[in-house]
Structures are given as structure tokens and as C-alpha cells.
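>>> Sequence below, structure please.
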Amino acid sequence: MKISCLQENLNKGLGTVGRAVATRTTLPITQNILLQTDQGRLKLSATNLEIAITCWIGANIEEEGAITVPSRLLTELVNSLPSERVDLSLTPRGRSLKISCARFQANLSGLDATDFPPIPQVGDGKTCRLDPEALRLAISQVAFAAATEDSRPVLTGIQMDFQGNSLTLAGADGFRLAVHHMVAATPLPEITAVILPARALSELHRLLAGEADPVEVAVNPNHSQVLFRMHNAEMVSQVIQGTFPNYQQLIPTSCTTRAMVDVEEFLRATKSAAIFARDGSGIVRLHIKPGQMSVSARSEEIGDNEGEIDAQVEGPEAKIAFNSHYLLDVLGAMPGPQVTLETTNPSSPGVFKPVGADNYVHVVMPMFVQW
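Numbers count the residues shown, from 1 in each chain. As a prediction, the model looks like this:
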């Protein structure tokens, strides 16, 4: 292998695939990045066996070849180089990579490219196309609601439910549920539901930044892998096997009290209350009254806090308490200037919906407190 490329492009490419590099693994080669020539471009690949990310950068190819080298060393080295042309070549035995840039030279020991885990090929799967910005919004409103503990593996994932030209993303951790509906640019040929790791979709959210063209999504025939193909990058994710909860049954269909408030004011009041909630089991109390809503928290050790915000209220007075972390998350995900909170009683879930949009709903279980 003998190629040359710009330091800026190589650094960006390494940053793209680097998040898929394994951190803790029993397979050391997954801590490497695979570099190989591919149809006149340099192809970079990394995998942690759960997700695999590949990207292509422009390069001048003199000799074909491939090698894997430690991701951390290569990334730190390239990042330290001047913004000039970088020359990459294999040593005669092909076990180390020579890197030259301006007046800098280095040699990195590597491993044979044939030992690198094969990047999954989705093949002749079912495909559709999605708008990248719409998909980024959907991921940002749902991914944080997934569980972080592995006691129930399906809850660490996000269900993607394809039905014609409609795609629904749903995430839940047993205490909250987020559901986002979006429209596909081209429909999937048949109804398909897969559960992808929330971590994988968070990486996809990062990769989609700046994408202008529709993202191609392909599900392989046995529904074990999903491919996302972008302009100069691809990501393949393994599917979590299992049955996702029937989330439609978890969304209340009625309420007794509905309050519409300004998102920024609600968020500001919650942030203030959260300071006191840290020492009070994380509890933030909401008291909905005609024309206003109070947001409060108290701690036996440090004191208490209360803020009032304007609200358009339908129905009787209501009281409900939430975990401050969950409340901050859902308010931070709201796209519009206003949000509605629907409640029935202090022990029933609270339902958050953005005003003016009917494609997102967030359900949060309340905390039981003495009022």
C-alpha cells in the first residue's frame, strides 16, 4: 500500500470511525482501525462487534494494500501533524505502517488486515430512505429514554417500527417512554420492526450531522443487522433479539388536567428546583393551579425552592411529582416553544407533548410523595 491524502481529511475520517473502536474487549484487533484502498479512495473501518462504521476519504493511490493499526495511536499521531499532505505506506514485510507528513515521520506496528473481523454485509435486504434531519430529531427525542442497565436487554435498545412510509421510534426504561413518529422519503416494502442498541443510534445521530442527502436504511433478510448508508460513510448495527413492550398500551388516552406552559420557563424553573432535589431523592413537585404552575423541591439538609410560571390550564387543580433528571431530559427534547403536560392524579403517569406537533409523546411515571 502506498497512498497520500490530506491530513485534515484523514483526521476527520479517523474521528468518524473511531467511536466504533472497542474499548474493552477480549479480541485485541478490534482496538485497531482497518485501512485499505478501495476504488481510488482510502477506506477506514472500525468495529466493536455491536456496531461497525466505515468511511471513505479521497486519496491518491499508488499501490493497493491494507493493514490494521492501533486506533488510539494513529488518531493521536495524525491529530498532531501539520495540515499538509500525509503519505502512508507499508514496510516491505507489510507489518507496520510508515507515516510521513512534512518533516515528520513515524512507523506504527500493525496486524494483518485478514485477521480483522469482517464488516457485516446486509446484502439483499429491505431498504427505504429517510431524511437525515428528521431522523436526527427522532433519535434526539427518543434515545435518552432507553435503559442503561442490561437487566432487560431489549430496554437498552430503541424499537424502529417500519410500516409503509411511516417510521416509529420508541424507547423506554421502565420509568419513562418516548415515542416519535416520522415519515420516510421512500417506504419499506413490508412491515418490519427491529430493536437497535440506543448507543448505536446515538452514534448514527453524530454521523448524520451535516448530511444533506437522504439516508438509505437496509434491514437484512433475517432481521439481524441494519445498515445506514450516508454520503461517505456507512454504519452497520446488530439487532437486539427479543420482544419490545407494547408501548401503545402504556400511553394514557385521557386526562383530567391539562397545562400548557412555555418550555424555556419550565426548564429554567426545573433547573433551579433540581439543585435542591439532588439532596431530596431527586423529587421535583409540580402544582398546577388556574393560570399558573409551581415547580418546587425541598431537602431537609439544605432548604427548599419554589418557582412559578404562567400556564394555560384546563381542568381542576392537580399535583404530581417527577424525578428531576427525567423532567430535565424531556423538556430538553421538546422542539417547540410550548409543551403540554397532561395528568390524571398524583399516582398516574404524566404525558408531555409539544404544542403544534402531534408526532412526539413522552410519558413519565410519577414519584410518590407526601404533599
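>>> rest of the way, CA atoms for contacts and neighbours
Will do.
>>> Any stretches of the stretch 51-200 of the chain with poor pLDDT?
Scanning the stretch 51-200 of the chain for pLDDT under 70 picks out nothing.
>>> Would you map the helices across it?
Ranges of helices within the stretch 51-200 of the chain are 71-80, 132-142, 198-207, based on DSSP state H, counting those that start in this stretch.
>>> now for the longest one, which elements pack on it?
Packed against helix 132-142 by the contact rule (3 or more CA pairs under 8 Å, 6 or more residues apart in numbering; DSSP states H and E) you find strand 166-172, strand 176-183, helix 198-207, helix 324-333.
>>> which residues sit against the first one?
Read that as strand 166-172. With CA atoms under 8 Å, 6 or more residues apart in numbering as the test, strand 166-172 has contacts from 138-139, 142-147, 155, 157-162, 177-184, 187, 247.
>>> Kindly format the C-alpha coordinates of it as CSV.
In CSV, the C-alpha atoms belonging to strand 166-172 read as follows (Å, rounded to 0.1, in the frame of the first residue of the first chain):
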residue,chain,number,x,y,z
SER,A,166,-44.2,5.6,8.4
LEU,A,167,-41.4,5.0,10.9
THR,A,168,-41.9,5.0,14.7
LEU,A,169,-39.1,5.1,17.2
ALA,A,170,-39.8,4.1,20.7
GLY,A,171,-37.6,4.0,23.8
ALA,A,172,-38.4,3.0,27.4
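>>> and Glu306, which of the three is it?
At Glu306 the chain is in strand, as set by DSSP: H, G, I helix; E, B strand; the rest coil.
>>> hmm, back to that, right, and the helices of the stretch 51-200 of the chain - which one's nearest Glu317?
helix 132-142 (28.9 Å; CA to CA).
>>> coming back round to it: show the buried residues in the contacts of strand 166-172.
Among the contacts of strand 166-172, those classed as buried by 16 or more other CA atoms under 10 Å are 138-139, 142-147, 155, 157-162, 177-184, 187.
>>> in this protein, which residue is closest to the centre?
Central residue of the chain (CA atoms, centre = their mean): Ser202, 1.6 Å from the mean position.
>>> give the contact list for that residue.
Ile139, Ser140, Ala143.
>>> Dump these to JSON lines, plus distance to Leu331.
As requested, the contacts of Ser202 are arranged in JSON lines below (distance: CA to CA, whole Å):
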{"residue": "Ile139", "distance to Leu331": "15"}
{"residue": "Ser140", "distance to Leu331": "12"}
{"residue": "Ala143", "distance to Leu331": "14"}
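>>> which of the residues you listed lies closest to Leu208?
Nearest member of those to Leu208, counting by CA to CA, is Ile139, at 10.6 Å.
>>> hmm, back to that, so for the residue nearest to the centre of the chain, what's the pLDDT?
Predicted confidence (pLDDT) for Ser202: 96.
>>> same deal with the one 4 residues further on?
For Arg206, the pLDDT comes out at 95.
>>> same check, this time on Trp371
72.
>>> quick one: furthest residue from the center of the chain?
The centre of the chain is farthest from one residue, Pro92, which by CA atoms, centre = their mean lies 42.1 Å away.
>>> ok, that one - contacts?
Applying CA under 8 Å, 6+ apart to Pro92 gives no contacts.
>>> All further residue positions should be reported with the first residue as 10.
Right, with 10 as the first residue, what we last looked at is Pro101.
>>> Determine which stretch of the helices of the stretch 60-209 of the chain is the most buried.
Of all the helices of the stretch 60-209 of the chain, helix 141-151 has the most neighbours on average by mean count of other CA atoms under 10 Å, namely a mean of 21.
>>> Show me the contact partners of that one.
Residues outside helix 141-151 that contact it (CA under 8 Å, 6+ apart): 167, 178-180, 187-191, 210-211, 214, 217-218, 220-224, 339, 342-343.
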